[in-house]
Every structure is written in C-alpha cells, then in structure tokens.
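Chemist: Got a sequence here, can you model it:
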Amino acid sequence: MIGREGKKENDLFFTCSLIEYIARKTKNRRVAVVDALGREMLGKIYDLADVYHSDNIDTVSEAFIEKARIPEGDFDNVSKALYAVPSHWDIGKVYKRLVLGIVKEKGIPVLDALDVAYHSFVSDKIDDYNSSFYYDAPQNILNAFLYGRIE
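Modeler: Presented below is the predicted three-dimensional model:
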C-alpha cells in the first residue's frame with residue numbers, strides 16, 4: 001500500500017475518473033462511455049492506470065475516444081448545472097466507492113461491479129449535478145443501489 005489507499009483502489013479511482021472525463025468531453029452519458037470502451041479496454045485502463053495516470057488525462061482520453069470511436073453526444077450535465085460542478089476526480093471518487101461497495105456486498109470482480117454500477121439507476125442520479133445525491137454519504141449511495149431506491 002502506497003499512500004492512503006491500495007494500488008488497485010487508486011487504479012479504480014483513475015479508471016472511473018477517466019470515464020467521467022471522456023463522458024464530459026464527448027457529451028455522453030457515463031454508461032454510453034462504459035459500453036463504448038467495452039470490457040477489454042476498461043480492463044486495460046484498470047490494469048495500466050498507474051501508467052496512464054502519469055500522462056496528461058486529455059491525451060489519454062483522446063486516445064481512448066479515438067480507439068473506441070466514441071461519437072459526440074448531446075448529454076451535457078456540466079452546462080446544465082446550476083451550482084458548482086464537481087471535478088471529474090470528485091465524481092471518479094464517488095464511482096470508485098460505489099464500485100468497491102458493490103464488490104464487497106455482491107462478491108463480484110471489480111470490472112463486473114463497475115459495469116453494474118454504471119448500468120444502474122444510481123448512475124443517472126450521480127450525474128445530476130443539480131441534486132445533492134452525488135455528494136451524499138458513500139454508504140447511502142451504495143444503499144440506494146442495493147435496495148433500488150433512494151431513501
């Protein structure tokens with residue numbers, strides 16, 4: 001362990017942050033980016049996150065946008081935000097915590113949990129920057145996922 005978290009947790013954080021960065025850059029829903037990248041590319045990003053993290057995120061994102069042929073979309077939650085917009089790193093942390101919670105609760109591999117998280121209704125709630133959901137307690141976000149509702 002280096003720093004406050006393990007290497008693979010940090011790799012997951014970078015992976016989720018890159019998904020967020022690509023989604024904002026291409027104006028796509030996060031699930032669309034996950035689907036476009038596919039399991040193989042997501043696995044590569046996760047496995048080599050420490051290498052990609054040392055490069056400029058704009059350069060890394062461009063390479064994956066090209067390779068996955070991610071088209072320009074029309075989902076722009078950043079420009080629709082009425083309040084301060086969280087950074088791609090902030091949202092990456094939210095997703096990282098959710099994915100790790102799913103791994104722990106469901107006993108499934110990280111990439112399976114990542115896919116499930118981004119395909120859940122919770123993803124749309126996290127991406128609504130006009131709500132307070134994305135900065136709710138990590139356990140509350142996980143509980144919403146697990147129980148299928150927000151309390």
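Chemist: going forward, measure contacts between C-alpha atoms and count neighbours the same way
Modeler: Noted.
Chemist: Next, the buried residues of the least confident helix or strand in the chain by mean pLDDT.
Modeler: Least confident element among the helices and strands of the chain, by mean pLDDT, DSSP states H and E: helix 49-53 (a mean of 91). Within helix 49-53, the residues scored as buried using 16 or more other CA atoms under 10 Å are 49, 50, 52, 53.
Chemist: mind putting those in TSV, distance to residue 147 included?
Modeler: As requested, these are exported to TSV (distance: CA to CA, whole Å):
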residue	distance to residue 147
49	31
50	34
52	35
53	34
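Chemist: show me where the protein has helices.
Modeler: For the chain, helices defined by DSSP state H occupy the ranges 7-26, 30-47, 49-53, 57-68, 88-106, 110-118, 121-126, 138-147.
Chemist: out of those, nearest to residue 78?
Modeler: Nearest to residue 78, of all the helices of the chain, is helix 7-26, at 7.4 Å by CA to CA.
Chemist: Closest one to residue 6 out of the buried residues of helix 49-53, please.
Modeler: Nearest to residue 6 among these, counting by CA to CA, is residue 50 at 11.9 Å.
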